[in-house]
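Peer 1: Model the following, please.
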Amino acid sequence: MAALAACGGQPHKKESGLVNQFAQGNYLEAHALLENSVRDEDAFLLLVQSAVVDAQQGNFKSSNEKLERAKRRSDELYTRTVSEAAKASLSSETALQYRPTPLEQSFLSYKKATNYLNEEAGEWAQQNQDAALVELRYLETLQYEKRFLDNMGIPGRGKPDLANFILDSLGKRAGDMPAFDVDSPWVYAISALVYDRAGENEDALRAFERALEQSEGLSDELRALLQAEATRVLKKVTSDLATAESYGVSQWLELADIDWAEQEVSESSWLLLEQGAVGELQSLEILLTTDSVQRRIILRPILKGSEAAKLNQAAEFAALSKLYSSEYKDAIILNLDENWKTAESLGLTDVVGGGVRIFVPFYTAETTSAADLTIDGQPVEGIALADFTSFLRSYYSENLRREFEEAVLREMSKNATYKSLTAGIKLPFSVGGALATFTAAADLRQCSLIPGRIQLFNISDWQAGKTISYQGQTLTLSGENHIHTVRVGQ
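Peer 2: Next up is the predicted model:
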């Protein structure tokens, strides 16, 4: 099936061609564009997006080799000192090596595991299953590390640049939103199902328990399904209810309305249906000027692109203005008052030339609709395992203020840096303004080929000879597999 969108940085002509090649299933052309258009700083994205295209072609071995290289690169970047981030205070975040987001890191391991499960069965079936289990155990180490850091109160991935040191001087910083990371219910749910099919019952129960402990990202429908599956696996371990009590089974039975005596232990077959793609980030451009008389900062949007793009940008700026109780939809006025001297002492009020351009990333992709799946014409009910599009919309909406304030402080700190480099002499617009203007950019890089949504279907009723379809399109599944992964369109 054709891939739907490209992963990568900011849109340009080659990137637009790349999206079209993916959509049309022209994989050779897509790979050629990837090799010619991605910078060294974006090597992680190149590897992951090439791996996704390979998987779409059924080249699972090649896909996993690239994903393994991407994983090693991610580990290497994670251990590097953050001193390289000093570049960003003089240019932009896009000058840094791309580090995967928590969502992309969890997707990488998920994709490797499902690639192994999707490979041809037969004589290599056991080896592929074992390889998938190895990947899940690697995920477990990341999960333990994440929980350890959380318990120690150590913050996760942030933006290590000069803006963070001065952000609190000019206003209250917006809080972090929990990430869709390796410790999320959808990751544990998939791990539990794979462990179950491999006969690793204790590992499956532990994964089910971890998923059910989560308070966020777990719908009532998914919780009920996980409770029922956990109870089924537990009954494979012991048929004695008293022994099962040590696992907290009573709560599962009550909440999921399960009768322990009648609970079946038969195996299930599952379909992970990946729908659509999360797509790309967009950029909101804002002009910042300062008013030293009234001690305030004035910001106005610069709308560019198509009419649809301008409408999106205007709506995003209007939402931003509400966060600062602005009486205008097309302007934000920040009165610094007593904080003006603090900003001035840091050199942040010396705006170069006619103003400073601020670039703020935002996300507007529409949520992918639920899938319509049938077996021999009979509908099969699915459960949303992960809705990444909705998550990203919520994340960028919740973090709009933070992204904006960091962008403002980052660009203003550049002016302070230029001032210090010239011994306090203000640079003319032709020199300083050009530097401030052309080095600024929103970091729009992300893996936009991550599915917009993953739905989970119990397809135990499907067997050879029956037709399984998605919106009228027949899906091809291997009769020897018990957990299938299929990528489909919107």
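
Peer 1: Please report phi then psi for Asn201.
Peer 2: With angles defined as degrees, to the nearest 10, Asn201 sits at phi -60, psi -40.

Peer 1: Could you measure from it over to Ala192?
Peer 2: 10 Å (CB to CB, to the nearest Å). Where you see a C-beta, it was placed from the backbone N, CA and C, and this is true even at glycine.

Peer 1: mind listing the helices in the stretch 101-250 of the chain by residue range?
Peer 2: 102-118, 125-152, 163-170, 185-197, 201-213, 220-237, 241-244, 249-256 (DSSP state H, counting those that start in this stretch).

Peer 1: can you tell which of the ones you listed is closest to Leu449?
Peer 2: Minimum separation from Leu449 across the helices of the stretch 101-250 of the chain (CB to CB) falls at helix 102-118, 9.3 Å.

Peer 1: can you list the residues that contact the helix or strand hosting Ser62?
Peer 2: Per DSSP states H and E, Ser62 falls inside helix 60-79. Contact partners of helix 60-79, identified using CB atoms under 8 Å, 6 or more residues apart in numbering, comprise 43-44, 47-48, 50-52, 54-55, 97, 99-100, 105, 108-109, 111-112, 115-116, 118-119.

Peer 1: Could I get the buried residue list for it?
Peer 2: Judged by neighbour count (16 or more other CB atoms under 10 Å), helix 60-79 contains these buried residues: 60, 62-64, 66-67, 69-71, 73-74, 77.

Peer 1: What angle do helix 125-152 and that helix make with each other?
Peer 2: Put simply, helix 60-79 runs at 20 degrees to helix 125-152, going by axes from the mean of the first three to the mean of the last three CA atoms, to 10 degrees.

Peer 1: Domain ranges for this protein, per the record?
Peer 2: For the chain, automatic domain parsing gives the domain ranges 1-80, 104-156+174-267, 274-490.

Peer 1: hmm, back to that, shared neighbours of Asn201 and Ala192, which are they?
Peer 2: Contact criterion CB under 8 Å, 6+ apart; residues shared by Asn201 and Ala192: Val233.

Peer 1: Show me where this protein has its strands.
Peer 2: Remark: strands assigned in the chain by DSSP state E are 270-275, 282-291, 296-302, 332-335, 356-362, 373-375, 378-380, 382-387, 453-458, 468-470, 473-474, 483-488.

Peer 1: could those be laid out in TSV, adding mean neighbour count and distance to Arg210?
Peer 2: Below are the strands of the chain laid out as TSV (neighbours: other CB atoms under 10 Å; distance: least, CB to CB, whole Å):
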stretch	mean neighbour count	distance to Arg210
strand 270-275	24	18
strand 282-291	19	35
strand 296-302	18	44
strand 332-335	18	43
strand 356-362	23	32
strand 373-375	18	28
strand 378-380	12	27
strand 382-387	22	15
strand 453-458	22	17
strand 468-470	18	30
strand 473-474	9	35
strand 483-488	20	19
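
Peer 1: I'd like to know which of the ones you listed is closest to Gly25.
Peer 2: strand 483-488 (11.8 Å).

Peer 1: Name the strands paired with that closest one and say parallel or antiparallel.
Peer 2: Strand pairing for strand 483-488, using DSSP bridges, gives strand 270-275 (parallel).

Peer 1: The partner strand versus helix 220-237: what angle between them?
Peer 2: 150 degrees.

Peer 1: between strand 270-275 and helix 102-118, how big is the angle?
Peer 2: 130 degrees.

Peer 1: what residue ranges in the stretch 101-250 of the chain score low on pLDDT?
Peer 2: 120-124, 153-179, 215, 239-250 (pLDDT under 70).

Peer 1: Leu477 touches Trp462, doesn't it?
Peer 2: Yes: assessed by CB atoms under 8 Å, Leu477 is found in contact with Trp462 at 7.3 Å.

Peer 1: Need the residues touching each of those two.
Peer 2: The contact sets of Leu477 and Trp462 overlap at Ile468 (CB under 8 Å, 6+ apart).

Peer 1: So for these two, which sits in the more crowded spot?
Peer 2: Neighbours were tallied for Leu477 and for Trp462 using other CB atoms under 10 Å; the higher tally belongs to Trp462 (21 against 17).

Peer 1: you'd agree that one is up against Gln378?
Peer 2: No: counting by CB under 8 Å, Trp462 stays clear of Gln378, with 10.3 Å between them.

Peer 1: Just give the nearest non-adjacent residue to Asp54, would you?
Peer 2: Leaving aside its chain neighbours, Asp54 sits nearest to Ser63 (3.9 Å; criterion: CB to CB, 6 or more residues apart in numbering).

Peer 1: mind putting the helices of the stretch 101-250 of the chain in TSV, mean neighbour count included?
Peer 2: Below are those laid out as TSV (neighbours: other CB atoms under 10 Å):
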stretch	mean neighbour count
helix 102-118	23
helix 125-152	15
helix 163-170	16
helix 185-197	25
helix 201-213	20
helix 220-237	19
helix 241-244	13
helix 249-256	16
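
Peer 1: who wins for proximity to Leu284 among those helices?
Peer 2: Here helix 163-170 is closest among these (CB to CB), at 17.0 Å.

Peer 1: what's Val360 in contact with, if anything?
Peer 2: Contact analysis of Val360 by CB under 8 Å, 6+ apart lists 283-284, 286, 316, 320, 400, 403-404, 407, 442.

Peer 1: Now do the contacts for Tyr328.
Peer 2: Going by CB under 8 Å, 6+ apart, Tyr328 touches Ser321.

Peer 1: how about a cut-off of 10 Å?
Peer 2: Going by CB atoms under 10 Å, 6 or more residues apart in numbering, Tyr328 touches 300, 317-318, 321.

Peer 1: Just the pLDDT at it, thanks.
Peer 2: pLDDT for Tyr328: 82.

Peer 1: Just the closest of the contacts of Val360 to Glu216, please.
Peer 2: Leu400 (19.7 Å).

Peer 1: For the closest one, which non-adjacent residue is closest in space?
Peer 2: Leu320 (5.8 Å).

Peer 1: and if you look at Leu373?
Peer 2: Excluding the flanking residues, the one nearest Leu373 by CB to CB, 6+ apart is Val380, at 4.7 Å.

Peer 1: pLDDT wise, what is Thr368 at?
Peer 2: Confidence at Thr368, expressed as pLDDT, is 70.

Peer 1: er, Gln455 I mean
Peer 2: 93.

Peer 1: Let me know whether it touches Leu273 as I believe.
Peer 2: Yes: at 4.6 Å, Gln455 counts as touching Leu273 under the criterion of CB atoms under 10 Å.
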